[in-house]
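> structure, please.
(one chain, ligands or ions: 2)
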Amino acid sequence: MKGAVLYGPYDVRFEERADPAIVEPTDAIIRLSASCICGSDLWPYRGANPVKKPSPMGHEYCGIVEEVGRDVRTVKKGQFVIGSFFASDNSCPHCRHGYQTSCMQKTPVVGAQAPWLRVPLADGTLVATRDVPPASLIPNLLAVSDVLGTGWFAADAANVTKGSTVAVVGDGAVGLLAILSAKCMGAERIIAMSRHEARQRLAREYGATDVVTERGEEGAARIKELTKGVGADSVLECVGTQESMWQAIHATRPGGYVSYVGVPHGVQLDGAKLFYTHVHLHGGPAPVRRYLPDLIELVLDGTIEPGKVFDLTLPLDQVAEGYKAMDERRAIKTLLTT
Ligand SMILES: [Zn+2]
Ligand SMILES: [Zn+2]
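Numbering: from 1, shown residues only. Ligands and ions are numbered 1, 2, ... in the order given. Coordinates of the predicted model:
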């Protein structure tokens, strides 16, 4: 088969790779219904993470089970399944507490920008739907695999509840879906921090009540102003830089909650400065697996349409253009047809 391989900064190639095969008896092989590019793929693409060797890309996936290993019990050939970017057993103590991305057996799932994918720990990792969904629902279901699951965790970890005042830092796909998640959890006021018109439009469609264009300390000051000097109850940090992290912390009221789901790059927190903010901090790689069953239901019953973040669709062989469009912010998120 052919799939996406990153060789170095700005160098993604669509090239021949070995077909995935069962390696462990707990593996499954799935035929992907579609694939996509993640905001976090842009870190190595831009050279922010060194690429030591050619790396197969992609970690968001849904599709049809083609083959299972001999120890797989619940997942069956022919089922439509969704999983997340870390495989997990869903049975160890960390999984049972709902932190499957800290599973004692966690294994990254890589190489999903391709027609076929090997998923380890299939029974714990994959969630199957009752029926094979129609093609029209695939973008919405694919979004559940990472960006929606991550946005949902951002809202949950920041304790968003009915009536909350929420601010969202970051207008990438995760930030936009964090807005949708906060809305679903009953937030009354949702302040989106965005400078891009198309993204502001989708933010409002997903439930944002206000838009703030200022960034950094100015952005935090603007949130304070909009909340009568108090600060937001919950601030969802969906970027991962030093500036965005302090923007989030300083926009939060004392006793409020900051969640952070953007992979941190160069973030340093000064203990003494943090001490006097009185905020709760909770973040990390989103345990998407915890939320999959509920989020899949919300998509299947038509309550939410997270797939609207895909504003560019390309065939898989044009994956390099998909990266370029996202890097240049011409696209929020690229869907790749397999
Ligand atoms: Zn991702
Ligand atoms: Zn586990």
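> state the distance from the spatially most central residue of the chain to ligand 1.
With distances taken as CA atoms, centre = their mean, the residue of the chain nearest its centroid is residue 147 (2.6 Å). Separation of residue 147 from ligand 1 (CB to the ion, to the nearest Å) stands at 7 Å. For every residue, glycine as well, the C-beta is placed using N, CA and C.
> export stretch 289-308 to PDB, keeping only CA atoms.
The C-alpha coordinates for stretch 289-308 follow below in PDB (Å, rounded to 0.1, in the frame of the first residue of the first chain):
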ATOM      1  CA  ARG A 289     -11.300   6.300  24.700                       C
ATOM      2  CA  ARG A 290     -13.200   7.300  27.900                       C
ATOM      3  CA  TYR A 291     -15.600   9.500  25.800                       C
ATOM      4  CA  LEU A 292     -15.900   7.400  22.600                       C
ATOM      5  CA  PRO A 293     -19.100   5.600  23.300                       C
ATOM      6  CA  ASP A 294     -21.000   8.700  24.200                       C
ATOM      7  CA  LEU A 295     -19.500  10.900  21.500                       C
ATOM      8  CA  ILE A 296     -20.300   8.300  18.800                       C
ATOM      9  CA  GLU A 297     -23.900   8.300  20.000                       C
ATOM     10  CA  LEU A 298     -24.100  12.100  19.800                       C
ATOM     11  CA  VAL A 299     -22.900  11.900  16.200                       C
ATOM     12  CA  LEU A 300     -25.200   9.000  15.200                       C
ATOM     13  CA  ASP A 301     -28.300  10.700  16.600                       C
ATOM     14  CA  GLY A 302     -27.400  14.000  14.800                       C
ATOM     15  CA  THR A 303     -26.900  16.100  17.900                       C
ATOM     16  CA  ILE A 304     -23.500  17.300  16.800                       C
ATOM     17  CA  GLU A 305     -21.600  17.700  13.600                       C
ATOM     18  CA  PRO A 306     -17.900  17.900  14.600                       C
ATOM     19  CA  GLY A 307     -16.900  17.100  11.000                       C
ATOM     20  CA  LYS A 308     -17.500  20.700  10.000                       C
END
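> and it with ligand 2, contact?
No: shown here: stretch 289-308 not in contact with ligand 2 (CB under 5 Å from the ion), separated by at least 9.2 Å.
> return the distance of that stretch from the chain's centre.
Here the centre of stretch 289-308 is set off from its chain's centre by 13 Å, with CA atoms, centre = their mean, to the nearest Å.
> ok, stretch 83-103 next?
Its chain's C-alpha centre and that of stretch 83-103 lie 16 Å apart, by CA atoms, centre = their mean.
> then stretch 326-338?
The answer for stretch 326-338 is 14 Å, by CA atoms, centre = their mean.
> which residues does that stretch contact?
Here stretch 326-338 makes contact (CB atoms under 8 Å, 6 or more residues apart in numbering) with 10, 31-39, 42, 45-46, 113-115, 139, 142, 147, 172-173, 176, 196, 198-199, 202, 307, 309-316, 318-319, 322-323, 325.
> quick one: which of those sit in strands?
Residues of these located in strands (DSSP state E): 31, 32, 33, 34, 35, 36, 310, 311, 312, 313, 314, 315.
> drop anything exposed from those residues.
Buried residues within those, defined by neighbour count using 16 or more other CB atoms under 10 Å: 32, 33, 34, 35, 36, 310, 311, 312, 314.
> does residue 47 touch residue 11 like I think?
No: using CB atoms under 8 Å, residue 47 is not in contact with residue 11, being 9.9 Å away.
> what sits opposite residue 234 in the beta ladder?
Here residue 234 sits in beta bridges with residue 166, residue 257, as judged by DSSP bridges.
> what is the neighbour count of it?
30 (other CB atoms under 10 Å).
> report pLDDT for it.
Here the pLDDT value assigned to residue 234 is 98.
> quick one, what contacts it?
Here residue 234 is in contact with 155, 158-160, 164-167, 182, 187, 252, 256-259 (CB under 8 Å, 6+ apart).
> list the contacts of stretch 85-93.
59-60, 95, 100-101, 103-109, 119-121, 123-125, 145-146, 285, 288-289.
> about what we covered before: nearest spatial neighbour of the residue nearest to the centre of the chain, chain-adjacent residues omitted?
Nearest residue to residue 147, sequence neighbours excluded (CB to CB, 6 or more residues apart in numbering): residue 173, at 4.5 Å.
> what distance do you get for residue 335 to residue 55?
21 Å (CB to CB, to the nearest Å).
> looking at the two, which is more packed in?
residue 335 (22 against 16).
> helix or strand for the more buried one, which one?
Residue 335 belongs to strand 333-337 when assigned by DSSP states H and E.
> report the buried residues of that strand.
Buried residues in strand 333-337, counted by 16+ other CB under 10 Å: 333, 334, 335, 336.
> same deal with stretch 91-110?
Buried, per 16+ other CB under 10 Å, within stretch 91-110: 92, 94, 95, 99, 100, 101, 102, 103, 105, 106, 109.
> try stretch 248-262
By neighbour count on 16+ other CB under 10 Å, the buried set for stretch 248-262 is 248-253, 256-262.
> quick one: end-to-end distance for that stretch.
End-to-end distance of stretch 248-262 (CA to CA, to the nearest Å): 12 Å.
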